[in-house]
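dropping the sequence and predicted coords here.
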Amino acid sequence: MQPELAIVIPVLYEGANILPLVNHLSTIAGEVTCEVIVVDGDPEGSTLQYLPPNIQGIIAPAGRGSQMNAGAKLTQAPTLLFLHADTRLPQTALSQIRRTMAQVSVGAFDLGIDSPKASLQWISRVSSLRSRLTRIPYGDQAIFIDRATFKQVGGFPNIPIMEDVALMQQLKQQRIPIRIVRDRVLVSPRRWEQEGILRCTLRNWLLLGLYTLGVSPHRLWRWYRPPSLPQSGLKN
C-alpha cells in the first residue's frame, strides 16, 4: 500500500541522533501511513549503518537541498515532510499534517528549542513570529508539502545554504498559501550552545538579510560554515 506521507531526513555525521529520531517517529505515527527515507551526504554513508532494517537509506551529494531532492524522488507518497535530524515533532504532528494538507498544499510548524534557557526561548518565539509574518519558515520547522506542488516549483534549489528560504520564496511568488501550525517542533540547542547564543543568532540574521539583498548563497556558505560542523543548513 502506498504511504500517504514520506518523511525525508537529510543527514551528515548524525550517527548518534538518527536512531532516536527514527524511534520517535514510530511512536507518533498513529493511523498515518508513512515511510522514512534517510539521505546521507557522507560518501561513506557513516550515518546509514545505524538505521534499522525497515528504514530506507541512500547516499546523495552533500547539501540539504540536493539530499532532500534525492529523497523526494524515491517516493510516490502524496505528501512530503522534510525533517532535520535534530528536530522532534509534536505528538500529534502527522495527524495535524493530514488535516492541514486537506486545506492547503504547504505547511510547517512553529519553532521550539529544547532548552530551558530564557534566551533560547525568546529566540524561538521571535523566529515563530517571523515565520508567521513572512510566511517563510526555515527547514528546522519541519516543512511539509504536496508532492505535486513540490515538483511544480522544481524542488529545492541546488545551493549550499538558504535552500529552505528559496523554496518558500518560490512558492510565495506563485501565490501558493503556506500554513504555519501552532504546535511547536523541538530543535536541539546544540549549535547555539557550541557557537554561542548571541554570535550564532546575530550571524544567522545577518546572513538572511544579506541573502535577501541578493548576496550569493555560495558566498554566504563560506561565511556560515563552522569548521567543527560540516553539516549545511541554517538555524533560526
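Structure's in. What do you need? Residues are numbered from 1 along each chain as shown.

what's the separation between residue 145 and residue 178?
Using CB to CB, to the nearest Å, residue 145 is found at 9 Å from residue 178. Placement of C-beta: from N, CA and C, glycine included.

do the same with residue 104
In this view, residue 104 and residue 178 are 7 Å apart by CB to CB.

higher neighbour count, the two?
Set residue 104 next to residue 178 and count neighbours by other CB atoms under 10 Å: residue 178 wins out with 20 against 14.

quick one: buried residues of the helix or strand of the chain with the lowest mean pLDDT?
Using mean pLDDT, DSSP states H and E, helix 217-224 stands out as the lowest-scoring helix or strand of the chain, at a mean of 84. Residues of helix 217-224 classed as buried by neighbour count (16 or more other CB atoms under 10 Å): 217, 220-221, 224.

packing partners for that helix?
If you count contacts as 3 or more CB pairs under 8 Å, 6 or more residues apart in numbering; DSSP states H and E, helix 217-224 packs onto helix 197-212.

check the offset of the helix it packs on from the chain's centre.
18 Å (CA atoms, centre = their mean, to the nearest Å).

what are the boundaries of the helices in this protein?
15-28, 64-73, 93-101, 118-134, 147-152, 163-173, 190-195, 197-212, 217-224 (DSSP state H).

touching the second one from outside, list them.
Read that as helix 64-73. Helix 64-73 has contacts (CB atoms under 8 Å, 6 or more residues apart in numbering) with 6, 8-11, 37-41, 58, 60-61, 80, 82, 139, 147, 150, 155-159, 163-164, 232-233.

show the pLDDT at residue 235.
As predicted, residue 235 sits at a pLDDT of 45.

skip the chain neighbours and tell me the closest residue to the residue nearest in space to the middle of the chain.
In the chain, the residue lying closest to the centroid (CA atoms, centre = their mean) is residue 139, at 3.2 Å. Leaving aside its sequence neighbours, residue 139 sits nearest to residue 164 (CB to CB, 6 or more residues apart in numbering; 3.8 Å).

next, count neighbours for the one you found.
Residue 164 has 25 neighbours, counted by other CB under 10 Å.

my guess is it contacts residue 142. True?
No. With contact defined as CB atoms under 8 Å, residue 164 does not count as touching residue 142 (10.8 Å).
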